[in-house]
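Asks: below are the sequence and a predicted model; questions follow.
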Amino acid sequence: MPKLKTKSSAKKRFKISARGKVISAQAGKRHGMIKRSNSQIRKQRGTTTLTKQDGRIVKSYMPYSLRG
């Protein structure tokens, strides 16, 4: 069997935590901050973990991640 390729877009956007969860940046923080409330902007700091179902899809793009 040949080696499987990792999707370049996935490796740039996601990381796998030590427990195998998928970590990504918060959505909705690129532009248009003037429309959003200050509390929403505060809550969207940092990163978030994807749901189990979405994480399964992302892990299929990264066959050699730690906890694939």
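Replies: Looks like it arrived, so ask away.

Asks: shouldn't Ser65 be within a strand?
Replies: No: Ser65 sits outside any strand when classified using DSSP: H, G, I helix; E, B strand; the rest coil, being coil.

Asks: which strand residues bridge the nearest residue to it once chain neighbours are set aside?
Replies: On the basis of Cβ to Cβ, 6 or more residues apart in numbering, the spatially nearest residue to Ser65 that is not a chain neighbour turns out to be Ile16, at 4.5 Å. Backbone N, C-alpha and C define where each C-beta goes, glycine included. For Ile16, the beta-bridge partners are Val22 (DSSP bridges).

Asks: was I right about Ile16 contacting Ala10?
Replies: No: the pair Ile16 / Ala10 is not scored as a contact, 10.4 Å apart, by Cβ atoms under 8 Å.

Asks: got any residues that touch both of these two?
Replies: When contacts are counted by Cβ atoms under 8 Å, 6 or more residues apart in numbering, Ile16 and Ala10 have Met62 as shared neighbours.

Asks: quick one: Val16 from Val58, how far?
Replies: Let me fix one detail, which is that residue 16 is Ile and not Val. 9 Å (Cβ to Cβ, to the nearest Å).

Asks: again with Gln26
Replies: Counting by Cβ to Cβ, the separation of Gln26 from Val58 is 16 Å.
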